[in-house]
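*Asks:* Dropping a prediction and its sequence here:
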Amino acid sequence: MLKIMDSKKKTILILEDEPAMLHIVATRLAESGFETLLAKDGQEGLTLALQKHPDLILLDVLMPKIDGLTLMKKLREDAWGNTVPMIVLSNMSPDSNTTLQAITNNQPAYYFVKSDIKLEEIVEKIKDVLASPPKTE
């Protein structure tokens, strides 16, 4: 059977160092009709993002090699990365000055604490962000 690729499918880059969480999120997004790219550390995620230009990036803060806050900053320095929507999904509450400053400077669409949100809500937020007009400078 020939499979025809849907050129309108949105691609989500998931950066998550916990294998079980990475698998669960990737599976649910695929079931919702998204293409997924997976990265287990910040360096791999940065490389994939700059090479593949996904439609949205879902990232954790605490990751090996490059943490999520540094990754956001590096991506925002790139012409493409400056406009890509990002959603932060972390175990950390954004209560430190460093975290709050990084969020203010790099403008992710949302910052969620994993224990406070359900997977279905994340999928809905991704759909909302992708349905919004792109950010312009």
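*Replies:* Arrived safely.

*Asks:* Find the helix or strand that residue 26 is a member of.
*Replies:* Secondary-structure assignment from DSSP states H and E places residue 26 in helix 19-31.

*Asks:* From the rest of the structure, what touches that helix?
*Replies:* 12, 14, 16, 36, 38, 40, 58, 89, 114, 119-120, 122-123, 126 (CB atoms under 8 Å, 6 or more residues apart in numbering). Where C-beta positions appear, they are placed from N, C-alpha and C, glycine not excepted.

*Asks:* export these to a markdown table and tack on neighbour count?
*Replies:* As requested, the contacts of helix 19-31 are arranged in a markdown table below (neighbours: other CB atoms under 10 Å):
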| residue | neighbour count |
| --- | --- |
| 12 | 25 |
| 14 | 25 |
| 16 | 25 |
| 36 | 18 |
| 38 | 17 |
| 40 | 17 |
| 58 | 26 |
| 89 | 24 |
| 114 | 15 |
| 119 | 15 |
| 120 | 10 |
| 122 | 19 |
| 123 | 18 |
| 126 | 22 |
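
*Asks:* and the two most separated of those residues?
*Replies:* 40 and 120 (24.0 Å; CB to CB).

*Asks:* is it true that residue 127 lies in a helix?
*Replies:* Yes - applying DSSP: H, G, I helix; E, B strand; the rest coil, one finds residue 127 inside a helix.

*Asks:* mind showing which ranges of the protein have poor pLDDT?
*Replies:* For the chain, applying pLDDT under 70 flags the ranges 1-7, 92-107, 133-137.

*Asks:* in this protein, which spans are helices?
*Replies:* Secondary structure of the chain, counting by DSSP state H: helices at 19-31, 42-52, 68-76, 97-106, 119-131.

*Asks:* closest to residue 85 out of the ones you listed?
*Replies:* helix 119-131 (4.8 Å).

*Asks:* quick one, which of the helices of the chain is nearest to residue 62?
*Replies:* helix 68-76 (7.2 Å).

*Asks:* now the closest one against helix 42-52, angle please.
*Replies:* Interaxial angle of helix 68-76 relative to helix 42-52 (axes from the mean of the first three to the mean of the last three CA atoms, to 10 degrees): 20 degrees.

*Asks:* who does the residue nearest the centre of the chain bridge with?
*Replies:* What sits nearest the mean C-alpha location of the chain, by CA atoms, centre = their mean, is residue 58, with 1.5 Å. With DSSP bridges applied, residue 58 shows beta-bridge pairing to residue 14, residue 87.

*Asks:* Since that was my last question, I'll sign off now.
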